[in-house]
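Visitor: kindly generate the corresponding structure for this input.
(chains A, B, C and D)
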Number of protein chains: 4
Amino acid sequence: MAVQVAVCGPAQCGESERALAYEVGRLLAERGAVVICGGHGGVMAAVAAGARSRDGVVVGVLPGADRSGAGPDLSVAIATGLGQARNSVIVHSGDAVIVIGGSWGTLSELALAMRRGGVPVVQLGDGWRLVDADGREVRGIRYARTPAEALEVTGLWP
Amino acid sequence: MAVQVAVCGPAQCGESERALAYEVGRLLAERGAVVICGGHGGVMAAVAAGARSRDGVVVGVLPGADRSGAGPDLSVAIATGLGQARNSVIVHSGDAVIVIGGSWGTLSELALAMRRGGVPVVQLGDGWRLVDADGREVRGIRYARTPAEALEVTGLWP
Amino acid sequence: MAVQVAVCGPAQCGESERALAYEVGRLLAERGAVVICGGHGGVMAAVAAGARSRDGVVVGVLPGADRSGAGPDLSVAIATGLGQARNSVIVHSGDAVIVIGGSWGTLSELALAMRRGGVPVVQLGDGWRLVDADGREVRGIRYARTPAEALEVTGLWP
Amino acid sequence: MAVQVAVCGPAQCGESERALAYEVGRLLAERGAVVICGGHGGVMAAVAAGARSRDGVVVGVLPGADRSGAGPDLSVAIATGLGQARNSVIVHSGDAVIVIGGSWGTLSELALAMRRGGVPVVQLGDGWRLVDADGREVRGIRYARTPAEALEVTGLWP
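Guide: Model prediction:
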């Protein structure tokens, strides 16, 4: 089966995050990876558009119980009906998880991905950072500045 | 977006159910429909094999939190980690639901599909039948004897 | 920890089902069992009322993401936000599952409970019956005519 | 219906977090609030013990599909079978969410609670802090130093 990569990010995002997400989608499709995302707008729509620009397969795992709100570039829409509990489904379906941008929903995906363990979790660009009570950065997340670097630090394509 | 059809059936099944499922998968792929199934063996594996024989897209919505047990013919495996609650995800993701064979898990999918409402639910072949307290068949399920008839009675391809 | 019994039934029900559910709730509370139900109206509200009439603990496992629609007799409302996938949560939380009346949602709970295995599943009163392709009743479900008999056939109070 | 408060924290925790959690449980039970927690060890077990010391009602929303691992002080155990997707169920069931200590699972609960919106989310003690790309603390979380202060800043008991 193909490599699958979950790409997470907010439904409302700026132009720079949109560009990063589009490029991640494009690069993943070029390598034959399936993209798993939340299926709505913003970063989710941009990664889908990027993947479809290279004929990639993109699955949107939607919070709702029907396919309303599904973006136009999805190959498949999974209507979970689970609300935000669907975030756990997204992060368990990737061989790696790439997070772009900051929002509470996105943070929950990053945290659930780290909680899952055993898969690389990459933060691309300027998202939120976690510090402990002493102000030190919490360990475990991999950071990348560019889409190419994000794919590289997953370690999936050595 | 492509039409999506959920195909449900037991992980242990006989040869006739396997043949029906394979043929349903083949016919759906020929019409360009995405197949959504439970991703494991038996009817699930057969419908996936049939769809892949025509280069169709098949999504396995797995009960486990990783992709173990995913059949070889899936295009995408969604690792829900939800156990049998994933049955609700499967039936909400189809524009129609086709059920082949009888088991408790399959019955739960048929019931959840009918509970959802608004989508055709088709029972193909000799599955379990529901009768009310007076022995009369409960209404609402559509019945089909052949794979071609199953697709026809969905009404998705008029 | 106390014995927990899941009681399932439709939100719309007749007077006889309501009376059966109320009595089941009352008997369970008298034996110190926690009642788990779907938290809405009909059979769910009746079993809650019966349990509360004897100061029992009743947990409503709601489909919605907030507590709206929660019945007045619940001790606790769990807002799952899972839609009908919450049916799986209900049946996994009982040491036995008692089903009263017929509806598609209720049938899904009966089927999920049988799929779970290892716990007694009791149908009380005149619900739907399952027959196989030869018209024979599908095995495994226990039947009861009265609330007292329903508790007895669970085997939880020998 | 009684006020319900979700209390979240790691299964492995230090003595100070355990003491904070026990005291939160005790105070909530004294005010008649139902405690919703994850049902396992550490902070979850401590808040349950505190609540039971005052005869409070404590519901453990477990990740597993049976009641194994349920702590001894729970009044009710909900066996969700959802894995970490159950974190979403916990935070939707509280009129307020109190978070004690830091772990990835706990962070996911904090994030899901903030994503939900409309309910007070309180961090008690020295957990992880979130800063944006400019090093500024992300807004919206309420902070408390003591259990009494945690209840006070929920605003549920004015």
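Visitor: in the biggest helix by length in chain A, which residues are buried?
Guide: Using DSSP state H to define each element, chain A has its longest helix at helix A:15-30. For helix A:15-30, the neighbour count (16 or more other C-beta atoms under 10 Å in any protein chain shown) marks A:Glu17, A:Arg18, A:Leu20, A:Ala21, A:Tyr22, A:Glu23, A:Val24, A:Gly25, A:Arg26, A:Leu27, A:Leu28, A:Ala29 as buried. No exception for glycine: its C-beta is placed from N, CA and C like everyone else's.
Visitor: so what touches the lowest-mean-pLDDT helix or strand in chain A?
Guide: Within chain A, no helix or strand scores below strand A:129-131, which has a mean of 89 by mean pLDDT, DSSP states H and E. Applying C-beta atoms under 8 Å, 6 or more residues apart in numbering or on different chains, the set of residues contacting strand A:129-131 from outside is A:Glu137, A:Val138, A:Ile141, D:Leu107, D:Trp128, D:Arg129, D:Leu130, D:Val131, D:Asp132, D:Ala133.
Visitor: name only those of the residues you listed that count as buried.
Guide: Buried, going by 16+ other C-beta under 10 Å: A:Ile141, D:Leu107, D:Trp128, D:Arg129, D:Leu130, out of the contacts of strand A:129-131.
Visitor: distance of the fourth one from chain B?
Guide: From D:Arg129 over to chain B the distance is 29 Å, taken as C-beta to the nearest C-beta, to the nearest Å.
Visitor: then the last one?
Guide: For D:Leu130, the distance to chain B equals 26 Å [C-beta to the nearest C-beta].
Visitor: partners of that residue in the sheet?
Guide: D:Leu130 forms beta bridges with A:Leu130, as assigned by DSSP bridges.
Visitor: could you pull out the helices for chain A?
Guide: A:15-30, A:43-52, A:86-92, A:104-116, A:147-154.
Visitor: C:Gly41 is nearest to which of these?
Guide: Smallest distance to C:Gly41 across the helices of chain A (C-beta to C-beta): 27.5 Å, for helix A:86-92.
Visitor: list the contacts for A:Ala11?
Guide: Applying C-beta under 8 Å, 6+ apart to A:Ala11 gives the contacts A:Gly38, A:His40, A:Gly41, A:Gly42, A:Val43, A:Met44, A:Ser103, A:Gly105.
Visitor: one more pass at 6 Å, please.
Guide: Residues in contact with A:Ala11, defined by C-beta atoms under 6 Å, 6 or more residues apart in numbering or on different chains, are A:His40, A:Gly41, A:Gly42.
Visitor: which of those residues lies closest to chain B?
Guide: When the contacts of A:Ala11 are ranked by distance to chain B (C-beta to the nearest C-beta), A:His40 comes first, at 13.9 Å.
Visitor: grab the nearest non-local neighbour of that closest one.
Guide: Ranked by C-beta to C-beta, 6 or more residues apart in numbering or on different chains and with sequence neighbours excluded, the top spatial neighbour of A:His40 is A:Ala11, at 4.9 Å.
Visitor: do the same with A:Val59
Guide: Among residues not flanking A:Val59 along the chain, A:Val76 sits closest, at 4.7 Å (C-beta to C-beta, 6+ apart).
Visitor: quick check: the gap between the one you found and chain C.
Guide: Distance, A:Val76 to chain C, by C-beta to the nearest C-beta: 19 Å.
Visitor: next one: that residue from B:Ser75, what distance?
Guide: The gap separating A:Val76 from B:Ser75 is 8 Å, by C-beta to C-beta, to the nearest Å.
Visitor: which of those two has more neighbours?
Guide: The neighbour comparison of A:Val76 against B:Ser75 (other C-beta atoms under 10 Å in any protein chain shown) goes to A:Val76, with 27 against 22.
Visitor: pLDDT value on that one, please?
Guide: For A:Val76, the pLDDT comes out at 98.
Visitor: quick one: residues contacting it.
Guide: Listed by C-beta under 6 Å, 6+ apart, the contact partners of A:Val76 are A:Val59, B:Val34, B:Val59.
Visitor: and if we set it to 10 Å?
Guide: Counting by C-beta atoms under 10 Å, 6 or more residues apart in numbering or on different chains, A:Val76 touches A:34, A:36, A:39, A:57-61, A:67, A:70, B:1-2, B:4, B:34-36, B:57-59, B:75-76, B:78, B:93.
Visitor: mind giving me the ChimeraX command for buried ones among those?
Guide: The buried residues among the contacts of A:Val76 can be selected in ChimeraX (16+ other C-beta under 10 Å) with this line:
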select /A:34,36,39,57,58,59,60,61,67,70 /B:4,34,35,36,57,58,59,75,76,78,93
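Visitor: among the contacts of A:Val76, which ones are in strands?
Guide: Within the contacts of A:Val76, residues falling in strands by DSSP state E are A:34, A:36, A:58-61, B:4, B:34-36, B:58-59, B:76, B:78.
Visitor: for the residue sitting furthest away from the middle of chain A, give me its contacts.
Guide: Distance from the centre of chain A peaks at A:Asp134, with 29.4 Å (C-alpha atoms, centre = their mean). Residues near A:Asp134 by C-beta under 10 Å, 6+ apart: D:Asp126.
Visitor: and for A:Gly9?
Guide: A:17-18, A:20-21, A:24, A:37-38, A:42-47, A:98-103, A:105-106, A:109, A:124-125, A:127.
Visitor: repeat that for A:Gly50.
Guide: When contacts are counted by C-beta under 10 Å, 6+ apart, A:Gly50 touches A:7, A:18-30, A:35, A:56, A:58, A:73, A:147.
Visitor: restrict those residues to those near chain B?
Guide: A:Val35, A:Val58, A:Asp73 (C-beta under 10 Å from any C-beta of the partner chain).
Visitor: now the last one. Nearest residue, chain neighbours left out?
Guide: Closest residue in space to A:Asp73, ignoring its immediate chain neighbours: A:Ala48 at 3.8 Å, by C-beta to C-beta, 6+ apart.
Visitor: how near is that neighbour to chain D?
Guide: The value you get for A:Ala48 to chain D, if C-beta to the nearest C-beta is used, is 21 Å.
Visitor: what number of residues are in the vicinity of that residue?
Guide: Neighbour tally, A:Ala48, other C-beta under 10 Å: 30.
Visitor: repeat that for the one 5 residues further on.
Guide: The number of residues packed around A:Ser53, counting by other C-beta under 10 Å, is 14.
Visitor: just checking, it touches A:Val24?
Guide: No - using C-beta atoms under 10 Å, A:Ser53 is not in contact with A:Val24, being 11.9 Å away.
Visitor: and the residue nearest to A:His40, backbone torsions?
Guide: The phi and psi torsions at A:Ala11 (degrees, to the nearest 10) take the values phi -70, psi -30.
Visitor: let's see the pLDDT reported for it.
Guide: On the pLDDT scale, A:Ala11 is placed at 96.
Visitor: and A:Ala49, by the same measure?
Guide: Reported pLDDT for A:Ala49: 98.
Visitor: check contacts around the closest residue to it other than its chain neighbours.
Guide: Nearest non-adjacent residue to A:Ala49, counting by C-beta to C-beta, 6+ apart: A:Asp73, 4.7 Å away. By C-beta under 10 Å, 6+ apart, the contact list for A:Asp73 reads A:25, A:35, A:37, A:39, A:44-53, A:56, A:58, A:60, B:1.
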